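Student: This is a predicted model, with the sequence first.
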Protein chains: 2
Amino acid sequence: MILEKKKAFNAYAAKQGLRSTRQRDVILDVFLATRQHLSVEELYLKVKASHPGIGFATVYRTMKLLAEAGIARELTLKNGQARYEHQLAGEHHDHLICTGCGAIVEFEDETIEQLQREIAERHGFTITSHRMDLFGLCPGCRGTTAG
Amino acid sequence: MILEKKKAFNAYAAKQGLRSTRQRDVILDVFLATRQHLSVEELYLKVKASHPGIGFATVYRTMKLLAEAGIARELTLKNGQARYEHQLAGEHHDHLICTGCGAIVEFEDETIEQLQREIAERHGFTITSHRMDLFGLCPGCRGTTAG
DNA sequence: CTTGCTGCAAACAGTTTGCAGAACT
DNA sequence: AGTTCTGCAAACTGTTTGCAGCAAG
């Protein structure tokens, strides 16, 4: 599936007249190699580990590109920092976010999606995207009396 | 209902040993006098209109206080800017946000709330809060061939 | 060769903070 | 009088941008 994504990006790049560069390859690889929701900084650190020359701005620029290409999805967490997750074509999922340890669990619920569509329709809105985040404590943090 | 809120804040302030100041009164009044979702800057401008002496930082500090007191709710929009809305005790609502004109429509859906609780339970999470935002075009912006 | 991309550092926007003086209790 | 709060400006954080040199096509 990593290859698929790479192809998807190459297709997008070709269509947009973008160049294929070493940096973009590296950043895409690093992004695809992880399953977590990464901040740009985390991404940058991982990239720099193997390719020290790559700069901060390039990571930002490339992640924006991946988002436009439909490969990454940008999340705006509560602290205002952006995080990126994999975007699976056509699919959508939401998040359970543990306020204790920061863990993020993904879930999908077709019934809710359907209700959202109905609500939007009722208000005459044409929905292009949505986000739903449930904040609370995960099983681990609930047990631990972490003060 | 404005009085209720003021009392609620006074109660909170008393409990926390906070002082009642002119600035806090003014900011609370301005906040309660509007039904929109205000950014701190907008709030600051409104406050300054009638009370030019009040500073930016005080508005920030006071809004944080109102959020802690359960009177205001802080929203994190996509651009990372904070906005505040009224928090109605016990109630919760979500948002339809027009990406064209920025309009925010509030809605409530008990079925979705219920489904959210079930999902959380299924994953062993104890939910403390949640947010759901649907982004798209409102009827007005959909009609207008803007762009 | 031409044009887009990169890396750097400086610019930016929104928010927070340190401090001296003012105001509440 | 004691202490919290305020206003200012400077600091900070995350992100974007201008520019000279580099590299892909």
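Tutor: That came in fine, so what should we check first?
Student: Pull up the residues of chain A that are close to DNA strand D.
Tutor: Counting by Cβ under 7 Å from any atom of the strand, chain A comes close to DNA strand D at A:19-22, A:39-41, A:56-57, A:60-61, A:64, A:79-82. Yep, even glycine has a C-beta here, placed from its N, CA and C like the rest.
Student: In strands, which of the residues you listed fall?
Tutor: The strands, defined by DSSP state E, take in A:S39, A:A82 from those.
Student: Drop anything exposed from the residues of chain A next to DNA strand D.
Tutor: Using 16 or more other Cβ atoms under 10 Å in any protein chain shown as the burial test, the residues of chain A next to DNA strand D include A:S39, A:V40, A:A82 as buried.
Student: what's the closest of these to DNA strand D?
Tutor: DNA strand D has its nearest neighbour among these in A:A82, at 3.1 Å by Cβ to the nearest atom of the strand.
Student: filter the residues of chain A next to DNA strand D down to the ones near chain B?
Tutor: Intersecting those with the contacts of chain B gives A:G80, A:A82 (criterion: Cβ under 8 Å from any Cβ of the partner chain).
Student: Could you single out the nearest of the residues of chain A next to DNA strand D to B:K48?
Tutor: Set against B:K48, the nearest of these by Cβ to Cβ is A:G80 (24.3 Å).
Student: residues in contact with that closest one?
Tutor: Taking Cβ atoms under 8 Å, 6 or more residues apart in numbering or on different chains as the criterion, A:G80 is in contact with B:T76, B:G80, B:A82.
Student: Same question for A:Y44.
Tutor: A:I54, A:F56, A:V59.
Student: ditto for A:T62
Tutor: A:T62 sits next to A:Q23, A:R24, A:I27, A:L28 when contact means Cβ under 8 Å, 6+ apart.
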